[in-house]
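In: after the sequence you'll find the predicted model.
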Amino acid sequence: MSRVWRLALASLVLAPVALWTTGSAQAAGLPPIRHVFVIVLENESAATTFGAGSPAPYLSGTLRAEGAYLPHYYGIGHQSNDNYVAMISGQAPNAQNQADCQFFDELAPGTVGSYGQVQGTGCVYPSSTSTIADQLAAAGLTWRDYNESMGADPAREPGECAHPAIDAMDNTQTATAGDQYATRHNPFVYFHSIIDDTALCDSHVVNLGLLSRDLASAQDTPNYVFITPDLCDDGHDAPCKDGRPGGLAQADGFLRQWVPQIVGSPAFRQEHGLLIVTFDEAATSDTSACCGEIPGPGSPQPGVEGPGGGDTGAVLLSPCIAPGTVSATPYNHYSMLRSVEDLFGLAHLGYAALPGESSFGADVFTRSCGPSPPVAHVSAPALASSAAPTPRIPIRWSATSGGAAVVGFTVQVRTLGAHAGRWRTLPAQSGRDSLTFGGAPGASYQFRVEAVDQAGRRSGWATATCVVPTGVLVRGGRYRGSWHVRRVRDAWEGHAIVTSQPGASFSLRYRGGAVFVIGDRWPQSGRIEVTLDGHARELALRSARPRARALLYSGPVRPGAHRLTITVLSGVVALEGLAIAARSG
């Protein structure tokens, strides 16, 4: 179904932007895998999951026969959270995440030791701590973290980037009948590099319900997909709070639902996907380890009472894996991270760089894949400045080769609105990787790029959307307090409405659509309370690095009349723009 965004109130609509830079070369000898999918289940030993009479016949029988079985795949610790964190960062367990982070505390003191290990104890890693998400973004690759049941009870947590406030108790440690999301199983929200960027986190740490839509086309499928079932469907609870039986059989049912969608998707079939199904840890009685795992600075025993998280086993599916493959090579979560990094040509984070860790190799990838089509990348600013009479929008593009050299690009543009315009081809000169497009204030544009290689294989279209704002003082808005317009460093139009008076507020009545609040984050930024239809949410805006055009708040699409109020609680608050967008079509 086509999706058209109709601007109901002028200013800006944010859209995901495809990045254009490319990573380092893929490790030699590895297949040209473009998409990695990871599904993490809970708390089972390999002997139970893959042994005789397994409660999970789909995983232990059907999927094992269709791909590669790793009987010696290990968790790196006990309990859950430390394993999830290790999978995406290479950080070793510390005392607090071994206890599943009952409080959402800062990790302190946060100094860095050997192998990039962050020293101290706590849960939320400093902004300088990198994850696979940061690596992928820097390399021009895409990622998304899909969480089942996140936001099922909005009074408990939001539907995107859900986590407790810093230093607050985690109220998702136990499921409820109506909401079985668990923050501790969502590793991405434990890193300031992700949660401090509201727009990034809200668009990348999302509900599992979005996955089916993203799988519909290879272009919309991220390069890296991390999937976390809820506390019932991951097998953690048995029985579940909603009355379902739970346990390993429940997790097997989750796989029956989602694995066919993944392996049948265009991205998996056409661009050489890899699906990894594993468990966070074995039964707590198994604290065995492999691969030269060593303790980190935060805990002497990764497995609490032993060196590791026990043998869980894992199953991998890919067009590059022959059915019935079995590898006796030992692997663990650090190995998995290292393998993903090698497939995408990235450096090794944390303990993924330990000398005893190895990547999935010829023992796993047992079938030739052959070359694949190129993958195009395009970038445009989400917001273009409207300070000039004719705003200029810089467009950049590139492509990742599938085995043959990329020889050309097609670059097109169309306007967006109630009715999208026709695609126009832009004059992209041979050998160039950028151009500047002249836009109009108040207009929205979509750009797309297609690449072709020497063999004539064409990529899918890569797209990026840019909005040219029209101004910050929105018609229909009412201001109370000492708001004023002034020049603000790094603001998109050179000015914004600013106040440092506690209690100053801005109110807006509107009808329908999703509401977006755009503003600046500075070291001196304070706190605001955003109230939408009587539901209040307190937000901290401070950022060590000045950031303009930050998405401070987004409200859901709902029909009818609404009232938005923004109240200053402390510090300096600068609002750059507002938008209300209604989805139709």
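Out: Noted; the coordinates are in hand.

In: tell me who's in contact with the residue nearest to residue 305 when sequence neighbours are not counted.
Out: Among residues not flanking residue 305 along the chain, residue 287 sits closest, at 5.6 Å (CB to CB, 6 or more residues apart in numbering). In short, each C-beta sits where N, CA and C put it, glycine included. Each residue near residue 287 by CB atoms under 8 Å, 6 or more residues apart in numbering is listed here: 78, 301, 303-310.

In: same question for residue 164.
Out: With contacts taken as CB under 8 Å, 6+ apart, residue 164 has the following neighbours: 103-104, 170-172, 183.

In: would you put the C-alpha positions of stretch 277-286 in CSV?
Out: Taking Å, rounded to 0.1, in the frame of the first residue of the first chain, the C-alpha atoms of stretch 277-286 are listed here in CSV:
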residue,chain,number,x,y,z
VAL,A,277,18.9,-18.3,16.0
THR,A,278,20.4,-18.6,19.4
PHE,A,279,19.8,-18.3,23.1
ASP,A,280,21.1,-15.7,25.6
GLU,A,281,22.3,-18.3,28.1
ALA,A,282,22.1,-21.9,29.0
ALA,A,283,20.5,-23.2,32.2
THR,A,284,22.1,-21.4,35.1
SER,A,285,23.7,-24.7,36.3
ASP,A,286,25.9,-24.6,33.1
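
In: what helices or strands is the biggest helix by length in the chain leaning on?
Out: Using DSSP state H, we find that the single longest helix of the chain is helix 247-263. For helix 247-263, the packing partners by 3 or more CB pairs under 8 Å, 6 or more residues apart in numbering; DSSP states H and E come out as strand 35-41, helix 211-215, strand 273-279.

In: make a markdown table from these and add distance to residue 344 and mean pLDDT to it.
Out: A markdown table is the format used below for these (distance: least, CB to CB, whole Å; pLDDT from 0 to 100):
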| stretch | distance to residue 344 | mean pLDDT |
| --- | --- | --- |
| strand 35-41 | 8 | 99 |
| helix 211-215 | 18 | 96 |
| strand 273-279 | 11 | 99 |
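
In: tell me which of the ones you listed lies nearest to residue 360.
Out: Within the helices and strands packed on helix 247-263, the stretch nearest residue 360 is strand 273-279; the backing value is 8.5 Å (CB to CB).

In: so in that sheet, which strands flank that closest one, and in what orientation?
Out: Its sheet considered, strand 273-279 pairs with strand 35-41 (parallel), strand 314-317 (antiparallel) by DSSP bridges.

In: between those strands, which gets nearest to residue 254?
Out: Among the strands paired with strand 273-279, the nearest to residue 254 by CB to CB is strand 35-41 (7.9 Å).

In: hmm, who's touching the closest one?
Out: Counting by CB under 8 Å, 6+ apart, 84, 87, 185, 218, 221-229, 234-235, 248, 251, 254-255, 258-259, 262, 267-268, 271-280, 336, 340, 343-344 sit against strand 35-41.

In: how about residue 457, nearest residue that isn't a chain neighbour?
Out: Nearest in space to residue 457, with sequence neighbours left out and distances taken as CB to CB, 6+ apart, is residue 373 at 4.1 Å.

In: got the contact list for residue 543?
Out: Residue 543 makes contact with 196, 521-523, 525, 550, according to CB under 8 Å, 6+ apart.

In: how does it look with 7 Å?
Out: For residue 543, the contact set (CB atoms under 7 Å, 6 or more residues apart in numbering) comprises 196, 521-523, 525.

In: how about the helices of the stretch 251-400 of the chain, start to end?
Out: Under the criterion DSSP state H, counting those that start in this stretch, the stretch 251-400 of the chain contains helices at 266-270, 333-343.

In: returning to that earlier point: take the contacts of residue 543 and keep only those in strands.
Out: If you go by DSSP state E, those have residue 521 in strands.

In: format the contacts of residue 543 as CSV; extra columns: distance to residue 209, pLDDT and neighbour count.
Out: What follows is these, written out as CSV (distance: CB to CB, whole Å; pLDDT from 0 to 100; neighbours: other CB atoms under 10 Å):
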residue, distance to residue 209, pLDDT, neighbour count
196, 25, 92, 19
521, 29, 82, 21
522, 35, 78, 22
523, 37, 78, 11
525, 33, 85, 23
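
In: for residue 200, which three-state class applies?
Out: For residue 200, the secondary structure call by DSSP: H, G, I helix; E, B strand; the rest coil comes out as helix.

In: for the closest residue to it other than its chain neighbours, which three-state class applies?
Out: Distances taken as CB to CB, 6+ apart put residue 194 closest to residue 200, at 6.5 Å, once the chain neighbours are dropped. Here residue 194 is recorded as helix under three-state DSSP.

In: do I have it right that residue 238 meets residue 244?
Out: No. Contact between residue 238 and residue 244 fails when scored by CB atoms under 7 Å: they sit 9.2 Å apart.

In: quick check: the farthest pair among the contacts of residue 287?
Out: The widest separation within these (CB to CB) is 13.0 Å, between 301 and 310.

In: who's more crowded, the two?
Out: Neighbours per residue (other CB atoms under 10 Å) separate residue 301 from residue 310, with residue 310 holding more: 25 against 15.

In: so the more buried one versus residue 380, what's the distance?
Out: Separation of residue 310 from residue 380 (CB to CB, to the nearest Å): 47 Å.

In: which ones among the contacts of residue 164 map onto strands?
Out: Checked against DSSP E, the contacts of residue 164 include nothing in strands.

In: let's have those in CSV, adding pLDDT, distance to residue 533 and neighbour count.
Out: Converted to CSV, the contacts of residue 164 look like this (pLDDT from 0 to 100; distance: CB to CB, whole Å; neighbours: other CB atoms under 10 Å):
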residue, pLDDT, distance to residue 533, neighbour count
103, 97, 31, 14
104, 97, 27, 21
170, 97, 27, 19
171, 97, 23, 12
172, 98, 24, 25
183, 98, 26, 23
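
In: nearest to residue 430 among those residues?
Out: Once CB to CB is applied, the member of the contacts of residue 164 that ends up nearest residue 430 is residue 183, at 50.2 Å.

In: tell me the contacts of the closest one?
Out: When contacts are counted by CB under 7 Å, 6+ apart, residue 183 touches 162-164, 170, 172, 189.

In: same question for residue 110.
Out: Residues in contact with residue 110 (CB under 7 Å, 6+ apart) are 118, 120, 126.

In: any chance of those residues in CSV, with pLDDT, distance to residue 69 and neighbour count too?
Out: Converted to CSV, the contacts of residue 110 look like this (pLDDT from 0 to 100; distance: CB to CB, whole Å; neighbours: other CB under 10 Å):
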residue, pLDDT, distance to residue 69, neighbour count
118, 97, 34, 24
120, 92, 38, 19
126, 96, 38, 18
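
In: how many other residues sit next to the residue nearest to residue 350 when sequence neighbours are not counted?
Out: Closest residue to residue 350 apart from its sequence neighbours, by CB to CB, 6+ apart: residue 90 at 2.2 Å. Close neighbours of residue 90, defined as other CB under 10 Å, add up to 29.
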